[in-house]
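Peer 1: just need the structure, nothing else, for what follows:
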Amino acid sequence: MSALKLHGELDAVWGVPRGWRGILTSVNHSDLGIRFMVAAGIYFAIGGVLAMMIRAQLATPRSAFIGPEIYNQVFTMHGSLMMFMFAIPFFEGLAMYLLPKLLGSRDLAFPRLSAFGWWCYLFGGFILLVAMVLGLAPDGGWFMYTPLASKTYTPGINADVWLLGITFVEISAVCASIEITVSVLKLRAPGMSLGRMPIFAWYILVTALMMVVGFPPLILASTLLEIERAFGWPFFDPQRGGHPLLWQHLFWLFGHPEVYIIFLPAAGVVSTVLPVMVRHTLLGYGWIVGSILVLGFFSFGLWVHHMFATGIPHLALALFSAASALVAVPTVVQLFAWLATMWAGRPQMRLPMLYIAGFFFNFLLGGLTGVMLAMVPFNWQVHDTAFVTAHLHYVLIGGFIFPMLAGLYYWLPRFAARRSHPLLGQLGFWLIFVGFNVTFLIMHLTGLLGMPRRVYTYEPGLGWEWPNLISSMGSFFMTFGFAVVLIDGVLAIAFGRRSSRNPWRAGTLEWALPIPAPSYNLASLPHVESREPLDRRHKLAQSLAMGEGYLGRTRDGLRETTGVEVVSGRVTEIIILPGNSWLPIATAAATGCFFVALLLGYYWLAPVALVGIAGLLWRWAAPLGARADLGPVDIGCGQRVPPHHEVRDAPGWWGSVFALITNATFFTSLLFGYAFLATVGPGWPPPVMAQPSLLAGLVVVAAVAGAFLAEDFAMRRALAGHGQRAGQGLLLALAALLVCLLGLLAFGWPGLPSPRDHAYGAIVWVMLIYGMLHAFIALMMLAFVRRRLAVGYGSPARMLELRVARLWLRYGLAVILIVLAAIALPGGASWRW
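Peer 2: Prediction:
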């Protein structure tokens, strides 16, 4: 087959419709990645304008530029947009765009999930922006500390906008984390073992895993605070057994790992671009991978670093202080690997390398001040001062934006097939670099002089006038620099010189694609034998375009790519991906209706939206799978493998595993909150304890056992090829789950105290609702699988859907037993018959 004919056939399968239909239904990873980056750039610009308003207000004492109410909204929205709407979505977009190209795949593992995440991000951000335009923006800080954010002190909907809007956006982030994790583990080119993966993929994999575990505590905190504000359940009210510090613990369980979630992708860009700029292979690949893993692990043990001034016991202060200092070690390992690579190579000070040099300088200063803040006595002195603001910006701007700009200039030929103007790009760099350091270097001194954070004005004569004026002047220089970069980018895309396919002579697979990249990425997929495949085979791009690799043909109009064994990279299956669909935007719209109903107080509408979401998810899963066994299929290069729904560890199974890890982290955080309140909450033990029904508890335990045994029977019958008997077993499991739901209701309704009177009643009710929700999810999944078996979507070879349902069922059953134990076993709870 000629390359041109193959391209036409593949484009017919993978292409996106033109016009609005294509915009609304596209699931193409390149389209979605660019949308994420462009939208994040817009939010960055809005956040930058807000930052200029802050600096204009603080440039002189007693300034009347903006009043205190507007100032609170401005600095809250600045932090929220930069942290939640810019930094994380931008690297998500970069990862979505690049990963399939780097890994030699045609798309990500769950294209519709990527599209759903995009629409959630867009709609959630729209809620925040509309609220800001209407003067209803959140005004309690981007961290939303209680009790300031509780109903007593923020009676309007300002805080609700943050809690619901940010939670909506966090759904997008969780979707992206699961998508990226499964894609890196399963959707790689044949032969690409973990040891042959591009270093950027390692950084993104660890970052995605951190997001899987790091975001649920924030989602839980936002959920609990919104429930308190809407229904009066006192999780954070000390007068009714709650504790404001519970919010800080949950928030910083997310917040400190987020710093590394933002830093690691930027470091991945440095580790990718630097070797190309110095013309030498990255040294210390294994050491860097190890340091990434250690850094990701350690980041979850540092959250109290932000709470040293809240009355933490001295032993805990010492432990967290030491851990906060030790986390610098894996970062320094990466730094020395970069320096060694530069020493061994021949650095070329092109524009990407210029930004990397700026990153080295800025991030080194940010790291040094971070170690200073890890020391408790110093932390106490500068806590909540401008010193911390300066440190934060050195880490986030110096450690994230500078590498990302290096990456954008490096991959600009990949994005747009154009080259930028070097002189204009250098002007932008120097304006940003000088302006940034003038702004924030002097801000350290402002903090040491005692200026607190988050104040809208200050009195003259305190010694803060000239540092603030200098910082404000520097911030405007930095803004001019970003404007120059934007102009440079627009001019490059519109009028820049055409770029060759691989202008940097790099060795990674993304440069093997045509420019611009087609919708399917590669006409055929390579067999990878090294970390830089283009260095070993200079004609690789041409041979792949001719269809000489894997899957160099189309089959029945299906979107196909290869799936591999996680560790070795051995090809194990053909992964059949869904095409363009209206379902992602429809599901995101229904989810948006749920959040808007809660925001506006139309609580009756929220269950209606949930029913719509459930129906759309049922429709989402309906087209998947097959009604007949296909067996091994020829994929070229002498290989035959089955489709993914005929293997045990297909992407759908892995996706459920990581979704359940996210779910389990949420539940563990809830149990942590329960234990925290029981240990340090005022008014504990509560005046009224649970009095659950012993009969209802026994019925629930029996129903859990029955559901477990019935599902196990159904699985064994299905594996034996007895579909009808398997359906009967699933019907028994459904009946047991229904009894379990009714038993949980009888267990809790008459026996649990009111959730409004004390935090104990509130949190046990939340746990019970969580258990009931997962019983309902398991019930719906088993009903779906039973229906599918009845119409021929199951066989001993095609067991994927039943295996996925088993995961969710067993997780739900375990949750129910843990909830029963957590409610009934603590001292003070008394049984009634």
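
Peer 1: helix/strand/coil for the residue positioned nearest the centre of the chain?
Peer 2: Per CA atoms, centre = their mean, the C-alpha nearest to the average position across the chain is that of A173, at 3.3 Å. Under DSSP: H, G, I helix; E, B strand; the rest coil, the three-state class of A173 is helix.

Peer 1: A710 too?
Peer 2: The three-state label given to A710 by three-state DSSP is helix.

Peer 1: residues contacting it?
Peer 2: G729, L730, L732, A733, A736 (CB atoms under 8 Å, 6 or more residues apart in numbering). All C-beta atoms are positioned from the backbone trio N, CA, C, and that covers glycine.

Peer 1: can you pull the contacts of the fourth one?
Peer 2: The neighbourhood of A733, defined by CB under 8 Å, 6+ apart, consists of G706, A707, A710, E711, A714, L782, L809.

Peer 1: for these, which one is nearest P686?
Peer 2: For those, the residue nearest P686 by CB to CB is A707; the value is 32.3 Å.

Peer 1: isn't there a helix covering that closest one?
Peer 2: Yes: assignment of A707 by three-state DSSP places it within a helix.

Peer 1: and it, what does it touch?
Peer 2: A733, A736, L737, C740, A778, L809, L813.

Peer 1: again with L577
Peer 2: Under the criterion of CB under 8 Å, 6+ apart, the contact list for L577 reads R106, D107, P111, R559, E560, T561.

Peer 1: tell me the pLDDT at I288?
Peer 2: I288 carries a pLDDT score of 97 in this model.

Peer 1: that one is in what secondary structure piece?
Peer 2: Secondary-structure assignment from DSSP states H and E places I288 in helix 285-298.

Peer 1: ok, residues contacting that helix?
Peer 2: Residues contacting helix 285-298 (CB under 8 Å, 6+ apart): 199, 202-203, 206-207, 209-210, 260, 264, 271, 282, 323, 326-327, 329-331, 333-334, 337, 531.

Peer 1: the domain parsing of the chain - what is it?
Peer 2: 35-495, 685-824 (automatic domain parsing).

Peer 1: gap between the helix or strand harbouring R21 and the chain center?
Peer 2: Counting by DSSP H and E, the secondary-structure element that holds R21 is helix 19-25. Taking CA atoms, centre = their mean, to the nearest Å, one finds the center of helix 19-25 at 25 Å from the center of the full chain.

Peer 1: flag every buried residue along that helix.
Peer 2: L24, T25 (16 or more other CB atoms under 10 Å).

Peer 1: got it, and stretch 764-778?
Peer 2: Of the residues in stretch 764-778, those buried by neighbour count under the rule 16+ other CB under 10 Å are 764-768, 770-772, 774-778.

Peer 1: quick one: average confidence on it?
Peer 2: Model confidence over stretch 764-778 averages 95 on the pLDDT scale.

Peer 1: using PDB, list the CA coordinates for that stretch.
Peer 2: Backbone C-alpha positions of stretch 764-778 (Å, rounded to 0.1, in the frame of the first residue of the first chain) are rendered in PDB as follows:
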ATOM      1  CA  VAL A 764     -20.900   9.100  60.700                       C
ATOM      2  CA  TRP A 765     -23.800  10.100  58.400                       C
ATOM      3  CA  VAL A 766     -21.300  11.000  55.700                       C
ATOM      4  CA  MET A 767     -19.700   7.600  56.100                       C
ATOM      5  CA  LEU A 768     -23.000   5.800  55.900                       C
ATOM      6  CA  ILE A 769     -24.000   7.700  52.800                       C
ATOM      7  CA  TYR A 770     -20.600   6.900  51.200                       C
ATOM      8  CA  GLY A 771     -21.200   3.200  51.900                       C
ATOM      9  CA  MET A 772     -24.700   3.300  50.500                       C
ATOM     10  CA  LEU A 773     -23.500   5.200  47.400                       C
ATOM     11  CA  HIS A 774     -21.000   2.400  46.600                       C
ATOM     12  CA  ALA A 775     -23.600  -0.300  47.200                       C
ATOM     13  CA  PHE A 776     -25.700   1.500  44.600                       C
ATOM     14  CA  ILE A 777     -22.800   1.800  42.200                       C
ATOM     15  CA  ALA A 778     -22.000  -1.900  42.500                       C
END
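
Peer 1: identify the residues contacting that stretch?
Peer 2: Applying CB under 8 Å, 6+ apart, the set of residues contacting stretch 764-778 is 224, 227, 233, 663, 667, 670-671, 674, 690, 707, 737, 740-741, 744-745, 747-748, 752-753, 755, 805, 808-809, 811-813, 815-816, 819-820, 822-823.

Peer 1: check stretch 507-519 too.
Peer 2: 7, 10-11, 14-16, 28, 30, 98, 101-104, 189, 198, 200, 272, 411, 413-414, 416-417, 499-502, 504, 521-522, 526, 528, 531-535, 540-541, 544-545.

Peer 1: output that stretch as CSV, nothing but the C-alphas.
Peer 2: This file holds the C-alpha atoms of stretch 507-519, laid out as CSV (Å, rounded to 0.1, in the frame of the first residue of the first chain):
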residue,chain,number,x,y,z
GLY,A,507,16.2,11.2,19.2
THR,A,508,12.7,10.8,20.7
LEU,A,509,9.7,9.6,18.7
GLU,A,510,7.6,12.7,18.6
TRP,A,511,10.0,14.0,15.9
ALA,A,512,9.3,11.0,13.7
LEU,A,513,5.8,12.3,13.0
PRO,A,514,5.0,14.4,9.9
ILE,A,515,4.5,18.2,10.5
PRO,A,516,1.8,19.0,11.2
ALA,A,517,0.9,15.7,13.0
PRO,A,518,-2.0,13.7,11.4
SER,A,519,-5.0,12.7,13.4
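
Peer 1: how far does it sit from the chain's center?
Peer 2: With CA atoms, centre = their mean, you get 26 Å for stretch 507-519.

Peer 1: okay, buried residues for it please.
Peer 2: For stretch 507-519, the neighbour count (16+ other CB under 10 Å) marks G507, T508, L509, E510, W511, A512, L513, P514, I515, A517, P518, S519 as buried.

Peer 1: and the first one, that's in a helix?
Peer 2: No: assessed by three-state DSSP, G507 does not belong to a helix; its assignment is coil.

Peer 1: please name the residues that touch the residue nearest to the centre of the chain.
Peer 2: For A173, the set of contacting residues under the criterion of CB under 8 Å, 6+ apart consists of I88, P89, E92, G117, M211, F215.

Peer 1: mind redoing it with 6 Å?
Peer 2: If a contact means CB atoms under 6 Å, 6 or more residues apart in numbering, then A173 has I88, F215 as its contacts.

Peer 1: do you know how far it is from E226?
Peer 2: When distance is defined by CB to CB, to the nearest Å, A173 is 18 Å away from E226.

Peer 1: before we move on, what about A416?
Peer 2: 42 Å.

Peer 1: got it, and R756?
Peer 2: Remark: distance between R756 and E226 (CB to CB) = 15 Å.

Peer 1: swap in F594?
Peer 2: Taken as CB to CB, the span from F594 to E226 is 12 Å.

Peer 1: for W20, same thing?
Peer 2: In this structure, W20 and E226 are separated by 34 Å, where distance is defined by CB to CB.

Peer 1: and stretch 258-266, how far out from the chain middle?
Peer 2: Centroid displacement of stretch 258-266 relative to its chain, using CA atoms, centre = their mean, is 11 Å.

Peer 1: what ranges do the helices span in the stretch 601-750 of the chain?
Peer 2: Counting by DSSP state H, counting those that start in this stretch, the stretch 601-750 of the chain has helices at residues 605-621, 651-680, 694-719, 723-748.
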